[in-house]
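[1] 3D, please:
(one chain, ligands or ions: 1)
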Amino acid sequence: MDATEPPVMELRGVSKTFGEVRALSDVDFHVRRGEIVGLLGDNGSGKSTMVKMMMGYHRPDPGGEVWFEGERVQGWSVAKARALGIETVYQERALADLQSVWRNMFMGREPVNRFGLLDIRRMRREAAALMKGHMGFTSGAVHPDNVVQTMSGGEKQGVAITRALFFEARLVVLDEPTMGLSLSETQKTLDFVRSIKEAGRSAVFIDHNVYHVYPVVDRLVLLDRGRIAGEFTPAGITLEQLTDRLRTVARTGRLEG
Ligand SMILES: Nc1ncnc2c1ncn2[C@@H]1O[C@H](COP(=O)(O)OP(=O)(O)OP(=O)(O)O)[C@@H](O)[C@H]1O
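    Numbering: from 1, shown residues only. A predicted model of the protein is given here:
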């Protein structure tokens, strides 16, 4: 992480209003290269709206700005976010369960051979290399031809994160990736989240569960009623102190009780 470099992504003074509801209110938020930022907040605090903003599904209300690697992006959209290398990984629904691992890895971006046909051999070969090299599957028990449905939740998230990294994602937005997973699968998923950082990429990790977020992030941002209520680093606050703060914010809307 280099603080002299412009952030990978930055939201400046971003608000989002739906009729009477102000889902985001003058939010300043940034993620640096190689940084994993946790986004925490209670129900209705604006986390999903933030995810949709970063993915280009929402545009900021007038006055708000989206910046990417030091340049202001005009006409923010899903196509722009995608072209800049912003990828989302969310619960298991991100994958096609009845398809093989290799099909899932290349879905929507299948390479073709010189006859214009899908290059299946290449996809299987590259999927096998990724599974071995990135996901650490050396046993041979998990094969690129395996149907995703037969894999564990943690392994599925591994496929989704590997796919994002393989396609040169600069920023991976993880939207509650541990939802519904067992303890060991959650652990596996958190290891994959760490691998994003090891690959020199960035991530925003949204989760209800502070116990999942705290151990893997460089920085924590707390949302409350559409506003940034606080910012912490795991080095600067213990998990117990953080849990206390979250309770206080949920109760009073302020960091201090
Ligand atoms: N499309 C929309 N139209 C109207 N109101 C919306 C819309 N999207 C979000 N909101 C409102 O904005 C506020 C923030 O919602 P958001 O879904 O971002 O919260 P959240 O932190 O993701 O909550 P949860 O943890 O429950 O998913 C809520 O009051 C919600 O009802």
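[2] In contact with residue 64, which residues are there?
    11, 12, 13, 14, 15, 16, 27 (CB atoms under 8 Å, 6 or more residues apart in numbering). For glycine as for every other residue, the C-beta is placed from the backbone atoms N, C-alpha and C.
[3] how about the nearest residue to it, chain neighbours excluded?
    Leaving out its chain neighbours, the residue that sits closest to residue 64 by CB to CB, 6 or more residues apart in numbering is residue 14, at 3.7 Å.
[4] Next: residue 188.
    Closest to residue 188 by CB to CB, 6+ apart is residue 154, at 3.0 Å.
[5] Burial check on residue 219, number of neighbours?
    Residue 219: 19 surrounding residues under other CB atoms under 10 Å.
[6] Give me the secondary structure label for residue 244.
    helix (DSSP: H, G, I helix; E, B strand; the rest coil).
[7] what's in contact with the helix or strand bottoming out on mean pLDDT in the chain?
    Lowest by mean pLDDT, DSSP states H and E among the helices and strands of the chain is helix 153-166, with a mean of 80. With contacts defined as CB under 8 Å, 6+ apart, helix 153-166 is touched by 87, 89, 92, 94-95, 101, 104-106, 126, 130-131, 134-135, 142, 148, 151, 172, 174, 177-178, 180-182, 184-189, 192-193, 195-196, 199, 201.
[8] buried ones in that helix?
    For helix 153-166, a neighbour-count test (16 or more other CB atoms under 10 Å) marks 153-166 as buried.
[9] can you map out the helices along this protein?
    47-55, 78-83, 101-106, 120-133, 153-166, 183-198, 210-213, 239-252 (DSSP state H).
[10] okay if I get these as CSV plus distance to the ligand?
    Shown next, in CSV, are the helices of the chain (distance: least, CB to the nearest ligand atom, whole Å):
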stretch, distance to the ligand
helix 47-55, 3
helix 78-83, 15
helix 101-106, 26
helix 120-133, 31
helix 153-166, 19
helix 183-198, 18
helix 210-213, 13
helix 239-252, 12
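[11] Test of understanding: give the bridge partners of residue 27.
    Beta-bridge pairing for residue 27 (DSSP bridges): residue 14.
[12] That one: neighbour count?
    Neighbours of residue 27 (other CB under 10 Å): 23.
[13] With residue 184 as the reference, measure out to it.
    35 Å (CB to CB, to the nearest Å).
[14] got the contact list for residue 112?
    118, 119.
[15] beta partners for it?
    residue 118.
[16] what about it, distance to the ligand?
    Applying CB to the nearest ligand atom, to the nearest Å, the value for residue 112 to the ligand is 38 Å.
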